[in-house]
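> what follows is a predicted protein model with its sequence.
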Amino acid sequence: MQRRAFLGGFAAIAATGLAGCSTTNSSYFASAYAGMPDGEYTLPKIPVSKVPEEFRRQVVDYETRHRPGSIIVDTPNRHLYLVQEDGKAMRYGIGVGRDGFRWSGTAKVGWKRRWPTWTPPAAMIRRQPELAKYRGGMEPGLTNPLGARALYLTRGGRDTGYRLHGTPEWWSIGNAVSSGCIRLMNQDIVDLYNRVEPGAKVVVLQG
């Protein structure tokens, strides 16, 4: 999902966020990442003890000028914040784009999909010809790269090619692994999907 030119001329909007003081405990984490039925699929349990605590979903202190309901993607620190009332945010761990695939700027959530189809863009197929078999789209499922949910980012009403999406590769969270999209653990993208409406502002920071 490479879009090197996307928002290339736009500077990242500073989020002046300060995070800390989580309101979670071990039993909360175990419940948040338990296996869960989801339509025709069942999300596998995530071995939460193997996920660093900083990348587990939790409410944190977060002061920002952005309105509640906004999404702030802190690429350097591998965190996504959903701004809430009273100086709080729900914080999620994320996987981000590899060098050469990262981007910054603002967008909106154009639309959302449950168990989305994944279609690799032409540029990705050129780099990885073995993906040509998915040119018409890969069916949804537990091994689909977009995971259980996807939020599609738009600018000026046009699809940017970037998504906030789930991943079955929970161990990749906290790393630079994607072709530009922002990935969350499947249980986390389900939680974010349920909290966010189309039209929500998304701010992606690079530093």
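Nice, thanks for sending it over. These figures come from a predicted structure and were not determined experimentally.

> show me where this structure has its helices.
With DSSP state H, the ranges of helices along the chain come out as 26-32, 122-127, 186-195.

> dump the first one to CSV, restricted to CA.
In other words, helix 26-32. Only the C-alpha atoms of helix 26-32 are listed here, as CSV (Å, rounded to 0.1, in the frame of the first residue of the first chain):
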residue,chain,number,x,y,z
SER,A,26,-3.2,-7.9,34.4
SER,A,27,-6.8,-9.3,34.6
TYR,A,28,-7.9,-6.5,32.3
PHE,A,29,-5.2,-7.3,29.7
ALA,A,30,-6.1,-11.0,29.8
SER,A,31,-9.7,-10.2,29.2
ALA,A,32,-9.0,-7.7,26.4
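
> I'd like to know which elements it is packed against.
Contact analysis of helix 26-32 by 3 or more Cβ pairs under 8 Å, 6 or more residues apart in numbering; DSSP states H and E lists no helix or strand as a packing neighbour. Where you see a C-beta, it was placed from the backbone N, CA and C, and this is true even at glycine.

> low-confidence stretches in this protein?
1-26, 98-102, 133-134, 179-180, 207 (pLDDT under 70).

> now the strands for it?
Using DSSP state E, the strands of the chain run over residues 19-20, 36-38, 41-43, 58-62, 71-74, 79-83, 88-93, 96-97, 105-114, 149-155, 158-167, 176-178, 182-185, 201-205.

> which of these sits most buried?
Compared across the strands of the chain, strand 182-185 shows the largest average neighbour count, a mean of 28 (mean count of other Cβ atoms under 10 Å).

> that one: how far from the chain's middle?
Remark: strand 182-185 is offset 4 Å from the chain centroid, using Cα atoms, centre = their mean, to the nearest Å.

> out of the helices of the chain, which comes closest to residue 41?
Residue 41 lies closest, by Cβ to Cβ, to one member of the helices of the chain: helix 186-195, at 9.6 Å.

> what does that closest one contact?
With contact meaning Cβ atoms under 8 Å, 6 or more residues apart in numbering, helix 186-195 is reached by 32-34, 36, 38, 43, 46, 57, 80, 82, 90, 92-93, 112, 114, 147-151, 164-168, 170, 184.

> circling back to that earlier point, which of the helices of the chain is buried the deepest?
helix 186-195 (a mean of 21).

> so residue 117 versus residue 154, what's the distance?
According to Cβ to Cβ, to the nearest Å, residue 117 stands 18 Å off from residue 154.

> repeat for residue 190
Distance of residue 190 to residue 154, given as Cβ to Cβ: 21 Å.

> wait, isn't residue 106 in contact with residue 205?
No. The criterion here is Cβ atoms under 8 Å, and residue 106 misses it with residue 205 at 10.2 Å.

> make JSON lines out of the helices of the chain and add distance to residue 70.
Converted to JSON lines, the helices of the chain look like this (distance: least, Cβ to Cβ, whole Å):
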{"stretch": "helix 26-32", "distance to residue 70": "22"}
{"stretch": "helix 122-127", "distance to residue 70": "29"}
{"stretch": "helix 186-195", "distance to residue 70": "12"}
